[in-house]
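Q: Below are the sequence and a predicted model for it; my questions follow.
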Amino acid sequence: MSRKRFLPPALLILCTTALSGTAPAVASPRPVPVTAPPLRILLTNDDGYEAPGIRKAFARLTAAGHDVTVVAPLTNQSGTGTKTTSASTIRVEHPEPKVWAVDGTPGDSVAFGLSEVFGGRAPDLVVSGTNYGPNVAGLATHSGTVGGAVAALESGVPAIALSTGGVSVPDPVTTVNAMDPTVDFAVGLIDRLRSRARSGPLLPEGVGLNVNHPVVGPDGRGAASGVAVTFQDPQPILAADFTDSGDGTWKVDVRPRLRPGVRGSDVEALGAGRIAVSPMRATWNTGPLEHAMTSALIAGLRP
């Protein structure tokens, strides 16, 4: 299923000073009133519940005052997309307070969390990540990180997929370091959502955000150059080459085959060192209103 791309008139009319592919660095977002209650957040991922990205996100979101519960895969489930189990049983561990480890996919984790951990009273927000490596273009389509967010959207819960990485093969040290500014940005984004929502929903019904933060600087801790509202670039990024072994099996060699990003896409933004914020639906389609909403939302946010 291909992604639809729009340059809606509403975007130009309502957000003239916001961006044409990138958000300008203007005023900081309005602070959330101190009386605003903390959000109840279900935190998941596809790298596994012990991965550094989800641990950093848990610590930072908790420090920001939110009530965060981890419900994430027991093991690495990268690349599982929106897959959910069809088995009659599933193993779940509760290794520490506020942490549940599900022996399944991110979608299984979210489903279990919504049904059992949150007891049928949905959280205010599901955050999936932050992922080790980017989830842009075709990578997003097959991403378990994005799949966890999609599972939340399917259940009517607002969701943010969060990833850290540039458009090249991730370097372990700099990518993990870049997770710190990634989760810092996520806190600011969530504050913006709260201030705009007041007592209403954080995002329009059925709409989530796919956020990709670049790796900046020699140590990965540098600040991004800006924030861009983007769409999913149409390229697959990864390509597989198959070689016949002659015994009924085939050797598989998967390599990046990156092309320049389409103007306004997540690949273009990430390659320029900007944070890519792509509105999405569980159906994988967005329209003009979602793009206009996202442009207005991120106007003025600083990395």
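A: All right, it came through fine. Residues are numbered from 1 along each chain as shown.
Q: Work out for me the element the residue sitting nearest the centre point of the chain sits within.
A: The centroid of the chain falls nearest to Ala161 when counting by C-alpha atoms, centre = their mean (1.7 Å). Assigned by DSSP states H and E, Ala161 belongs to strand 159-164.
Q: Which secondary structure elements does the next helix or strand after that strand sit against?
A: Using DSSP H and E, the helix or strand that follows strand 159-164 in sequence is helix 172-197. Helix 172-197 sits against helix 52-63, strand 125-132, strand 159-164, strand 207-213, helix 288-298, with contacts defined as 3 or more C-beta pairs under 8 Å, 6 or more residues apart in numbering; DSSP states H and E. Where you see a C-beta, it was placed from the backbone N, CA and C, and this is true even at glycine.
Q: Report the distance from the second one to the chain centre.
A: Averaging C-alpha coordinates over strand 125-132 and over its chain gives two centres that are 6 Å apart (C-alpha atoms, centre = their mean, to the nearest Å).
Q: Check the fourth one too.
A: With C-alpha atoms, centre = their mean as the basis, the distance from the averaged C-alpha position of strand 207-213 to the chain average is 4 Å.
Q: Strands along the stretch 1-150 of the chain, start to end?
A: Ranges of strands in the stretch 1-150 of the chain, per DSSP state E, counting those that start in this stretch, are 40-44, 67-73, 92-96, 99-102, 125-132.
Q: Give me the contacts around the second one.
A: Outside strand 67-73, the residues within contact range by C-beta atoms under 8 Å, 6 or more residues apart in numbering are 38-49, 54, 58, 61-62, 98-106, 108-110, 112-113, 117-118, 123, 144.
Q: List buried residues within these.
A: 39, 41-49, 54, 58, 61, 99-106, 108-110, 112-113, 117-118, 123, 144 (16 or more other C-beta atoms under 10 Å).
Q: quick one on the thing from earlier: please read off the pLDDT at the residue nearest to the centre of the chain from the model.
A: On pLDDT, Ala161 comes in at 98.
Q: cool, Val167 as well?
A: On the pLDDT scale, Val167 gets 87.
Q: Which residues are in contact with Asp124?
A: Per C-beta under 8 Å, 6+ apart, neighbours of Asp124: Leu39, Arg40, Ile41, Pro158, Leu202.
Q: closest to Gly271 among these?
A: Pro158 (28.3 Å; C-beta to C-beta).
Q: could you measure the closest one against Gln232, distance?
A: Using C-beta to C-beta, to the nearest Å, Pro158 is found at 19 Å from Gln232.
Q: next one: Asp171
A: 24 Å.
Q: if I've got this straight, Lys251 is in a helix?
A: No. Looking at Lys251 with DSSP: H, G, I helix; E, B strand; the rest coil, it is strand, so not inside a helix.
Q: hey, what's it bridged with?
A: According to DSSP bridges, the residues that bridge with Lys251 are Thr243.
Q: any weak-confidence spans in the stretch 201-303 of the chain?
A: Residue ranges of the stretch 201-303 of the chain with pLDDT under 70: 284-285.
Q: Which residue ranges of it form strands?
A: Under DSSP E, counting those that start in this stretch, the stretch 201-303 of the chain gives strands at 207-213, 226-229, 238-244, 250-256, 274-281.
Q: now those in TSV, with mean neighbour count and distance to Val176?
A: As requested, those are exported to TSV (neighbours: other C-beta atoms under 10 Å; distance: least, C-beta to C-beta, whole Å):
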stretch	mean neighbour count	distance to Val176
strand 207-213	27	13
strand 226-229	26	22
strand 238-244	11	22
strand 250-256	10	20
strand 274-281	25	18
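Q: Redo those as a markdown table? Include distance to Leu189.
A: Shown next, in a markdown table, are these (distance: least, C-beta to C-beta, whole Å):
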| stretch | distance to Leu189 |
| --- | --- |
| strand 207-213 | 7 |
| strand 226-229 | 9 |
| strand 238-244 | 28 |
| strand 250-256 | 28 |
| strand 274-281 | 8 |
